[in-house]
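Novice: pasting the sequence and the predicted model now:
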Amino acid sequence: MGLITFLSDFGYRDHYVAAVKARLLGLVPAVPVLDLTHAIEPYNVPHAVHVLGAVFADFPAGTVHLIGVDDHGGARRGWVAASWRGHYFVAADNGILTLLTDARPDDVVRLPTPAEWPASPTRDVLAPAAAHLAQGHSLTDLGPLGTELNPLVNRQLRLQDHRITGHVVHVDHYGNLVTNITRTAIEAVGHGRACTVHFARESVRGFAPHFQAVDPGDVACVYNGQGALCIGVNQGHASELLGLHFDSQVDVRFAVNE
């Protein structure tokens, strides 16, 4: 028997999460359902992609990831199930799976659209599909294989000989700024050269091992557990203090060796 994770923008004040879990309990009572978070900002697809992308691979192969974010976003394109890197995902076709997989899932099927519009697509369409997959059944039992997904595109890094340009892709609970600039990219372009991180009107030389390595109120640049460049203020809210938000530009500039 498998495992289902559940991610949504439903919040914690209403009955929506409980309704989905009640449906799963009725369908697959022996399958554990683990909540990732239900505090995704409403309809915020990039937020969902960031959270899911940071953690899904830590679960065992074969885990089913039920994504109830912007689930009515399937109004135009419907709902899909996909396999990728040994995991299964069920979601509205609103760009989440395109961004998560860089438009390269292993297999995709389009879930049947109910004759009557579902009151809760996550409960009525996605949860039964997740239960089916968690029982070890085939993806193709759910619908015909296809290739098309809602064609959203991730922000791409701009790499130059002495500079990398990226963007903030997430602001976490503490106000830390997560960028799409990776340690791998910095090492590939920098070749061990000293670098300075530039953002807004500020700049920071080099990287700290963690945010607490600088004095309270000071800015630090660190790598997170996924190897992404992050900007934070020790004991402060970097997004508010620095005036940086989702999609703000961040540059890494390298010393020019003569």
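Specialist: Nice, I can see it.
Novice: toward the C-terminus from the biggest strand by length in the chain, list the very next helix or strand.
Specialist: When the chain is parsed with DSSP state E, its longest strand is strand 163-171. Counting by DSSP states H and E, the element after strand 163-171 in chain order, helix or strand, is strand 177-182.
Novice: what packs against that following strand?
Specialist: Strand 177-182 makes packing contacts with strand 163-171, strand 228-233, helix 238-242, strand 249-254 when contacts are defined by 3 or more C-beta pairs under 8 Å, 6 or more residues apart in numbering; DSSP states H and E. Yep, even glycine has a C-beta here, placed from its N, CA and C like the rest.
Novice: about what we covered before: could you dump the longest strand of the chain to PDB, C-alpha only?
Specialist: Extracted in PDB, the C-alpha atoms of strand 163-171 (Å, rounded to 0.1, in the frame of the first residue of the first chain):
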ATOM      1  CA  ARG A 163      27.800  37.500 -14.100                       C
ATOM      2  CA  ILE A 164      24.600  35.500 -13.300                       C
ATOM      3  CA  THR A 165      21.200  37.100 -13.300                       C
ATOM      4  CA  GLY A 166      18.300  35.400 -11.600                       C
ATOM      5  CA  HIS A 167      15.200  36.200  -9.700                       C
ATOM      6  CA  VAL A 168      13.500  35.700  -6.300                       C
ATOM      7  CA  VAL A 169      11.200  32.700  -6.700                       C
ATOM      8  CA  HIS A 170       9.900  32.400  -3.100                       C
ATOM      9  CA  VAL A 171       9.600  34.400   0.100                       C
END
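Novice: ok, now which ones touch residue 118?
Specialist: 124-125 (C-beta atoms under 8 Å, 6 or more residues apart in numbering).
Novice: helix/strand/coil for it?
Specialist: Three-state assignment for residue 118 (DSSP: H, G, I helix; E, B strand; the rest coil): coil.
Novice: how close does it sit to residue 235?
Specialist: Distance, residue 118 to residue 235, by C-beta to C-beta, to the nearest Å: 45 Å.
Novice: likewise residue 124?
Specialist: When residue 124 is compared with residue 235 (using C-beta to C-beta), they lie 45 Å apart.
Novice: more neighbours: which of the two?
Specialist: residue 124 (18 against 12; other C-beta atoms under 10 Å).
Novice: in this structure that one contacts residue 115, no?
Specialist: No. With contacts defined as C-beta atoms under 8 Å, residue 124 does not count as touching residue 115, sitting 11.8 Å away.
Novice: hang on, the earlier thing: quick one: closest of the helices and strands packed on strand 177-182 to residue 2.
Specialist: Residue 2 sits nearest to strand 163-171 of all these, at 28.4 Å, using C-beta to C-beta.
Novice: now do that closest one, average pLDDT.
Specialist: Strand 163-171 carries an average pLDDT of 93.
Novice: helices or strands up against that strand?
Specialist: Contact analysis of strand 163-171 by 3+ C-beta pairs under 8 Å, 6+ apart lists helix 45-55, strand 158-159, strand 177-182, helix 183-190, strand 249-254 as its packing neighbours.
Novice: low pLDDT regions in the stretch 151-258 of the chain?
Specialist: 153, 258 (pLDDT under 70).
Novice: rerun at 80
Specialist: Along the stretch 151-258 of the chain, the model assigns pLDDT under 80 to residues 151-155, 257-258.
Novice: which residue ranges of this structure form helices?
Specialist: Per DSSP state H, the chain carries helices over the ranges 16-27, 45-55, 96-101, 121, 127-134, 183-190, 238-242.
Novice: which one, of the ones you listed, ends up nearest to residue 227?
Specialist: Set against residue 227 and scored by C-beta to C-beta, the helices of the chain come closest in helix 183-190, at 4.3 Å.
Novice: show me what counts as buried in the closest one.
Specialist: Buried residues in helix 183-190, counted by 16 or more other C-beta atoms under 10 Å: 185-186, 189-190.
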